[in-house]
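Make a model of this:
(one chain, ligands or ions: 1)
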Amino acid sequence: MTVSTKVISSKAIAACPASRLDPAHFLSDGSCLCAGLDGMTHARWSRLRPEEQEQLRDLSDLTPQLIGLEGWRVEVTEGVDDNGEPRRRRFYVGRSTGWRPIHLEIARRDSSGGEAASASYDSVRKLYPRDGSR
Ligand SMILES: [Zn+2]
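Numbering: from 1, shown residues only. Just a heads-up that it's a prediction; the model follows:
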């Protein structure tokens, strides 16, 4: 059995627009969940605990078709070329960090960054994992 040792300051409770008293509603920096991500800054984000970041993170900018494929090389088709053939390309699926992550198209296994992924593709084919033996 885990006993929560989190102490909520009276100042934090007074600042909560919903006047909530349950510890789960308050973050370790004394703020509450009412504000969500409004006014989030990198400094504040980096002080939150990983589980609090998880709770607050907004996943709505991710590409639904790529969820679960992070770390995989995929082949996607998007639109058609001049000959009417599907435009194909391959990339590793990455995800940016922070409170509003996006998926990234990472060109090579040793690339550290990538381009923002599209909101959707005509098709996505899973090829092999980035850390695989290939
Ligand atoms: Zn609140």
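
quick one: low-confidence parts of this protein?
1-6, 132-134 (pLDDT under 70).

need the helices for it, in chain order.
10-15, 42-47, 50-56 (DSSP state H).

what does this structure have sitting close to the ion?
By Cβ under 5 Å from the ion, the part of the chain that sits against the ion consists of C16, A18, R20, C32, C34. To be clear about C-beta, it is placed using only N, CA and C from the backbone, and glycine gets the same treatment.

Take those residues and lay them out in JSON lines including distance to N83.
Output for those, formatted as JSON lines (distance: Cβ to Cβ, whole Å):
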{"residue": "C16", "distance to N83": "60"}
{"residue": "A18", "distance to N83": "58"}
{"residue": "R20", "distance to N83": "60"}
{"residue": "C32", "distance to N83": "57"}
{"residue": "C34", "distance to N83": "55"}
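
what residue lies at the spatial centre of the chain?
Nearest to the mean C-alpha position of the chain, counting by Cα atoms, centre = their mean, stands P101 at 3.4 Å.
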